[in-house]
Structures are given as structure tokens and as C-alpha cells.
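# how would this look folded up:
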Amino acid sequence: MVLRNRLTTAIRVCAPFAALLALCSPAPAAQRSPGAAAAQQVDVKLVLAFDVSPSMDNEEYAVEREGTAAAFSDPTVIQAIQNGSLGRIAVALIQFSSQQFNRVMIDWTVIRDKPSALAFATAVHNLPRNPGRRTSISSALELGSLLLEASEKDYTASRRVIDVTGDGPNNFGNPMTEAHDKAVAQGIVINGLPVMDDMANGYFQDLDRYYAGCVTGGRGAFVVVVKSYRDYAAAMRRKLILEISDNETLLKQAMAPAGSTPLLHKVAAPVRPGQVQVLPSGPNEYSKNCDIPFGGGFGGFGRF
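Residues are numbered from 1 along each chain as shown. Here you go, the predicted model:
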């Protein structure tokens, strides 16, 4: 009840939430009419979480932003949305680094057709970048979970997804495993899009394995790995189609060796061989050490 009261009295302007998290909520409950409409049903409620930590320079952030805008403008993504049982999804977008810098940049938006998809793409295209310090994926999961919970009065869905995009592991904030397990226990699916461009400032070897073992989770969770920023838009498009369609056959084909995915090629534009890969989520050698301390850790983790 305390959480509900805090959320419903939050002002529209993005501001710190409880000195740790920040979010923009819909209009306060007191301003709603007694006969307000029931929650709208959508196929998926999706929170996009964008890394804006210092390891992500302005050029890389621009690729992240423009690639996402291009993906939501793509006809195959719009078709995937319209092919759902209800033909609509609800999307929100947050930027994360550490708790005091996290912000909700786009509040819940329903996408059901080309005009609404293009309007969302334009909003993404126009996003400014917030300042950030360190990389707290755990706080991104916490904020994403709060958004999903608070939106239940407005939107309901059979699938709730947090989609984390970043170029480094968790190195700050609450324990990664704790935040991950709590979100998964709430029925939230966490998918990941780690960027592993070896020419970029924030390159971390084995980040794909870290995401698979520590970040992603829930029914059918997966990791789409980007090996070059130039392929980011194609990777985002592929990821959106997979999570919006919730098609197990499509997901299995996406994880198959290159050249054996005819169904996937029909709905997602081809990418350069080896530059975009889809991996299943699951425990691995990194799962026992998901919390990388600031200034330490292995493989260079924790530098930013």
C-alpha cells in the first residue's frame, strides 16, 4: 500500500524516487474520475532499459537510440505486433546507470498500428541522454519491476518483459542475483541485448555469457548478442520480433546454426554472419559471481 501511494502521488516530471529510483507515473489517482475505464488488455507489457553509463559514449548512445527507433519503424516489427491475439502492446523506456541517475524517459505507450509505432519511434529518436555513473543493472530491474507493477491499473498483459541493453556487467547497487530472482519470481521475463563491439570503449569479453547467466531469466528468456554497433538496429529488430511474437518455433530457429533459420529470415532482415547471435538464458560459470564490485572484479569488469 505504501508503494502504491508513492507511485500514484508521483508528479509527471522525471525525478528521483525514494532517493534511489526515478520514474514518471501517470496522473495521480486523485485526478482520475470515479468512473475511470478498466485496465486495457495488451499482448505484452515491455520495459526497454537503456544503459547510459560512462562506458557508453555519445556516439554509441546515438546508435542505441537510432537503432531502436528504426526497429519500431520496421514493417516486420509492426506486423509482429498486429499478429498478436489482441494486436497491441504497451511499451515504456528507461535509461539506467546507477540509482540516482535512473529515469523513465517514455511512459507507457500503446502500439497497435503503423501510426502509433512511428510515433513511438519518433519519441525514441528525440530522446536526450541523461548523465550516469557506473552500471547498475540490478537497479534497472528494480525500476522496471516497479513500472510493471504500477501500470497494472492501466494495462494488463499475459506477458511482462524487461529488456536490458548494455555494454557491461553489474558493478554497483543492490545484489544482481537478488534483483534478478525477485523479478523472475514475479513472473517477469528478462531478455538481454549485450553489445560486444571490440572497437568500443566499453568492450567486455564474455559479456554474452554474463548476460545469459546473470541478467536474463524467466520463461523463454534469451540473449541477442551484438558484435558490432553497425548491426545494432538489426539485432533490436530481431529481438523485438522474437519477444513480441512469443513463438517458440521462431525462437528455436533463431538459436540454430546460421543458414538453418528459414522462418526467421522471412520476418527479420538478414545481418552479417556472426555479428548477431541468439543465445538461451541459463546458469553458467558466471552465475555464481554476478556482482562485480566497483574498481575490481574479473576480466576488467567494474571499471565504469
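# from here on, contacts and neighbour counts on C-alpha atoms
Fine.
# Would you mind listing where the stretch 201-304 of the chain has pLDDT under the threshold?
For the stretch 201-304 of the chain, applying pLDDT under 70 flags the ranges 202, 247-275, 292-304.
# what about the strands in it?
For the stretch 201-304 of the chain, strands defined by DSSP state E, counting those that start in this stretch occupy the ranges 222-226, 276-280.
# would you turn these into JSON lines with mean neighbour count?
Formatted as JSON lines, the strands of the stretch 201-304 of the chain follow (neighbours: other C-alpha atoms under 10 Å):
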{"stretch": "strand 222-226", "mean neighbour count": "27"}
{"stretch": "strand 276-280", "mean neighbour count": "21"}
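# Just put those strands in TSV and tack on distance to G187.
Converted to TSV, the strands of the stretch 201-304 of the chain look like this (distance: least, C-alpha to C-alpha, whole Å):
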stretch	distance to G187
strand 222-226	15
strand 276-280	18
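# Those strands: which one's closest to V52?
strand 222-226 (16.8 Å; C-alpha to C-alpha).
# now for the biggest helix by length in the chain, which elements pack on it?
Identified as the longest helix of the chain according to DSSP state H is helix 58-73. The contact analysis (3 or more C-alpha pairs under 8 Å, 6 or more residues apart in numbering; DSSP states H and E) places helix 58-73 against helix 114-125, helix 232-245.
# Next one: R230 relative to M196, how far apart?
As judged by C-alpha to C-alpha, to the nearest Å, R230 and M196 stand 11 Å apart.
# Comparing those two, which shows the higher neighbour count?
Per other C-alpha atoms under 10 Å, whichever of R230 and M196 has more neighbours is M196, with 23 against 17.
# Could you tell me the phi and psi values at the more buried one?
With angles defined as degrees, to the nearest 10, M196 sits at phi -120, psi 60.
# who touches it in this structure?
Contact partners of M196, counting by C-alpha atoms under 8 Å, 6 or more residues apart in numbering, are D167, Y203, F204, Q205, L207, D208, V225, V226, K227, S228.
# any idea which of those is closest to M176?
Distance to M176 across those (C-alpha to C-alpha) is lowest for L207, with 14.7 Å.
# so who does the closest one touch?
Per C-alpha under 8 Å, 6+ apart, neighbours of L207: D167, G168, P169, P194, V195, M196.
# so of the residues you listed, which ones are in strands?
With strands defined by DSSP state E, the entries of the contacts of L207 inside them are P194.
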